[in-house]
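Chemist: Got a predicted structure plus its sequence, pasted below:
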Amino acid sequence: MVNDRAPKSGLAAEAQRKVNAKYSEELAKESLEWIATITNEPISVAGDMDNFYEVLKDGTLLCKLVNNIQPGIVKKINTSTMAFKCMENINAFLEAAKQLGVPPQETFQTVDLWERQNLNSVVICIQSLGRKADKYGKPHIGPKEAAKNERVFSEEKLRAGQTIIGLQMGSNKGANQSGINFGNTRHM
């Protein structure tokens with residue numbers, strides 16, 4: 001856990017400050033409020049880093065969250081406070097989030113939450129999961145995702161489009177290369 005490590009110094013401390021500067025208390029608060037709504041758990045929804053970490057660090061609430069979105073997606077939720085059991089909960093949440101449609105680039109690594117390395121990436125993952133919840137009939141957070149809008153054209157319409165030369169193809173009007181004498185001798 002966090003308390004087992006020596007404090008960072010030098011470049012590592014500067015890098016950690018940059019990571020922590022990206023953390024948004026507003027988005028964290030919105031995420032915790034959404035989790036409380038979905039799970040019906042009485043949790044503190046303050047958006048500061050300390051509260052966010054304390055509420056989510058053991059992974060049980062995250063597993064309850066995904067089980068409320070899609071029942072049974074996490075088979076076993078560990079209630080033990082042992083480090084590896086908590087990390088198993090976090091990992092089970094991450095696997096479930098990927099199954100629910102969260103892109104891999106919007107997930108986090110287990111140590112980002114367990115060791116409090118990058119809480120901003122945890123917020124990003126929960127926000128992404130919150131956008132996907134609408135597909136499962138649950139309240140969502142953030143902007144609603146766009147629906148697929150596939151268009152089908154007839155063969156006649158496609159053939160008509162092939163006869164049109166758009167401006168993307170270029171034009172023979174306007175600027176040209178006359179007057180360019182690269183490599184030529186200068187004429188006096």
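Modeler: Looks like it came in fine. Since the structure is predicted, the reported quantities are computational estimates derived from the model, not experimental observations. Residues are numbered from 1 along each chain as shown.

Chemist: just the helices in the chain please.
Modeler: For the chain, helices defined by DSSP state H occupy the ranges 11-21, 25-39, 49-56, 60-69, 83-99, 110-114, 119-132, 155-162.

Chemist: now what about the shortest one, what contacts it?
Modeler: For helix 110-114, the surrounding residues in contact (CB atoms under 8 Å, 6 or more residues apart in numbering) are 1, 53, 56-57, 59, 83, 86-87, 90-91, 94, 117-119, 121-122. C-beta coordinates here come from the backbone N, C-alpha and C atoms, glycine included.

Chemist: Sort out which residues of that helix are buried, please.
Modeler: Neighbour counts over helix 110-114 (16 or more other CB atoms under 10 Å) mark T110, D112, L113, W114 as buried.

Chemist: now could you export just the CA positions of that helix as CSV?
Modeler: The C-alpha trace of helix 110-114 is given here as CSV (Å, rounded to 0.1, in the frame of the first residue of the first chain):
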residue,chain,number,x,y,z
THR,A,110,-4.3,-2.3,-10.7
VAL,A,111,-1.4,-0.5,-9.0
ASP,A,112,-2.8,2.9,-10.2
LEU,A,113,-5.6,2.5,-7.6
TRP,A,114,-4.1,0.1,-5.0
